[in-house]
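Enquirer: Mind looking at a prediction? Sequence and model below.
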Amino acid sequence: MNTEFTLFDRQLTLIRYPAKHQHKSLQAWDSADELLIEHLLTEQSVPVGQPWIIMNDDFGSLGTFFAEQQPVWVSDSTIARLSLSENLQANACNAISAIDCLTALPAAPALVLIKIPRTLALLEHQLIQLRSVVMPDTRIIAAAKIKSVTRGVLDLFEKYLGPTNTSLAKKKSRLIFCSPDPVRLSREMASPYPTVWQCKLPTGNSVSVSNHANVFSRQSLDIGARLLLEHMSVANHDHVVDLGCGNGVLGLNALTLAPQSSVTFVDESYMAIESARDNVAANFPHQLAQCQFVASNCLEALLNRSDRPTVTKVFCNPPFHQQNTITDHIAWQMFHDAYELLNKGGHLIVVANRHLDYYPKLKRLFGGVTTLANDRKFVIYSAAKR
Ligand code: SAM
C-alpha cells in the first residue's frame, strides 16, 4: 500500500484499515480528496472556531489532514472510523469528533465537505439531514471522481438544498458547489428512509424488514440470501452469528427456526446494525434479549472480547468490494475470523457466487467442507471446525 501522502508541504502517513490486508497498489486517499484540500487551502476557507462537517471520508485522510481545525467527522463505516483513528495516531494528531450517519449533525455549520458515497440513497439521506442544520451562508462542497458526478447526484443537491454547479475536471475528479436556498429549505419533504418491505421466510412466516439508507439490498431480498434462507438449519441450543448481517434477514430466519437460539448480528455499517436491531425489535420483541448487535470489521470486535461468546454457527453472505474496490480480502478475513471464533464442531455456512470459487480456501482453512446446495448462480458451503 502506498502510504506517503504529500500536499502543500504537509507529509502524512495514511493507511487503509486493516493495513496488513491491503493490496500494494491501494492507498487511503484519491484525487477527489486532493482536489478538495487544494481548493480549501488556496481559498483559505477552512473555518476556525465554527462547527464544520466532513462526510464519507473513506479512510480518514481528510479528517487527519484537517484534524487541527476540529471538524465533526461523519461516516457509516466502522472501517473508515478505524482508519481515521489509526491515521490520527500515526501522524500525532488530536482526536476529532466522529459520529455515524444516524446521529444528529451539529447546528449551523460554516462548511460541509461531502465525498459522494457509492450508494446514492445514503447521499439522499445525508442531504435530507443537512436541511435541518444548514444556514443560507453554509458552504457545501462535494467531491468525487468524474464518473460519479452524475445528473442524478446534482439533482439531489438541487432538490433538497439549493442551486448547484460543478468545477472543471482536474485529476479525473470534480467538485460540486451547492448554496442552500431558504425557500427550498422551508418546503416540507419527507424522507423515503428507512425502506420497509415484507419478507416471506421458508417456514411460511412473514417478517417486516426495515432498511436504513445505506443497507445492502435495501429494496428487496438478495438472491444469494434467498437461497441460503432455504437451507439454514438452526437448533435452540445454537449460538448463531449473522456475519455481514445487513438488515439481519439471516438472523431473523434463525430466530424463526429456533426461537430460543442466541443471535449476534455483526456488520461494519452502523446503519446495517441499527436496521437489524429495529427488525428484531419489530418482529421478535421477546427475543431481543437473546440478541447482540455489534459494529465490527469482520469478527474483530468479538474476538477481542475477554468474554468471547461460544459460537456454534456462523452464517455469511460475504461482500466482494470495499468502497469502490472489488476485493476478496474481506471474505478471507471473515472466514479466518469465523474459524477462530467457532467452537470445535461448529460450522461456517457461506453463500457465494459460483465463480468466486471459495471452496479450495475454505478447505485449506477448515479441512472438512461440504456443498449444501447450489443453483445456476450460487453455491452454499458448510465448513466444519474439527
Ligand atoms: N446478510 C445480508 C444479506 O444476505 O442480505 C447482507 C449481505 S451483503 C452481501 C454483505 C454485508 O457485509 C454488507 O451488509 C456489508 O455492510 C457487510 N460488510 C462489508 N465489509 C464488512 C466487514 N469488513 N466487516 C463486517 N461486515 C462487512
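Expert: Sure, I can see it. Numbers count the residues shown, from 1 in each chain.

Enquirer: max-length strand in this structure?
Expert: Counting by DSSP state E, the longest strand found in the chain is strand 342-353.

Enquirer: Going by neighbour count, which residues of it are buried?
Expert: 342, 346-352 (16 or more other C-beta atoms under 10 Å). Bear in mind the C-beta positions are built from the backbone N, C-alpha and C, glycine included.

Enquirer: for stretch 113-122, same thing?
Expert: Those would be 113-117, 119, 121-122, for stretch 113-122 by 16+ other C-beta under 10 Å.

Enquirer: would TSV of those residues with distance to the ligand and secondary structure be doable?
Expert: Output for the buried residues of stretch 113-122, formatted as TSV (distance: C-beta to the nearest ligand atom, whole Å; DSSP: H, G, I helix; E, B strand; the rest coil):
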residue	distance to the ligand	secondary structure
Leu113	23	strand
Ile114	20	strand
Lys115	17	strand
Ile116	18	coil
Pro117	13	coil
Thr119	10	coil
Ala121	14	helix
Leu122	12	helix
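
Enquirer: Tell me which two in those residues are the farthest apart.
Expert: Comparing every pair within those by C-beta to C-beta identifies Leu113 and Ala121 as the most remote, at 20.0 Å.

Enquirer: and the stretch 101-250 of the chain, which residues reach the ligand?
Expert: When proximity is defined as C-beta under 6 Å from any ligand atom, the stretch 101-250 of the chain approaches the ligand at 216-217, 222, 225, 244-246, 249-250.

Enquirer: For those residues, which single residue is the most surrounded?
Expert: Cys245 (29 neighbours; other C-beta atoms under 10 Å).

Enquirer: quick revisit: and which of the residues of the stretch 101-250 of the chain next to the ligand is nearest Arg305?
Expert: Using C-beta to C-beta, these come closest to Arg305 at Cys245, 17.7 Å.

Enquirer: Identify the residues contacting Pro182.
Expert: By C-beta atoms under 8 Å, 6 or more residues apart in numbering, the contact set of Pro182 is Pro136.

Enquirer: what's the pLDDT at it?
Expert: At Pro182, the pLDDT value in this model is 98.

Enquirer: in stretch 368-386, what's buried?
Expert: Within stretch 368-386, judged by 16+ other C-beta under 10 Å, the buried ones are 369, 372, 378-383, 385.

Enquirer: so for it, what's the average pLDDT?
Expert: Across stretch 368-386, pLDDT averages out at 96.

Enquirer: next one: stretch 205-217
Expert: 97.

Enquirer: what does stretch 1-8 give?
Expert: 89.

Enquirer: that older thread, out of the buried residues of stretch 368-386, name the two that are farthest from one another.
Expert: Phe378 and Lys385 (23.1 Å).

Enquirer: What pLDDT does the model give Gln323?
Expert: In this model, Gln323 is scored at 57, pLDDT.

Enquirer: can you map out the strands along the stretch 151-300 of the chain?
Expert: If DSSP state E, counting those that start in this stretch is used as the criterion, the strands of the stretch 151-300 of the chain fall at 164-166, 173-178, 195-200, 206-211, 239-243, 262-267, 291-295.

Enquirer: swap in the stretch 1-150 of the chain?
Expert: Remark: strands assigned in the stretch 1-150 of the chain by DSSP E, counting those that start in this stretch are 4-7, 10-13, 52-55, 72-74, 97-99, 111-115, 139-145.

Enquirer: if we can go back for a sec, please dump the strands of the stretch 151-300 of the chain into TSV; it should also carry distance to Ser275 for every row.
Expert: Formatted as TSV, these follow (distance: least, C-beta to C-beta, whole Å):
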stretch	distance to Ser275
strand 164-166	30
strand 173-178	28
strand 195-200	10
strand 206-211	5
strand 239-243	12
strand 262-267	9
strand 291-295	10
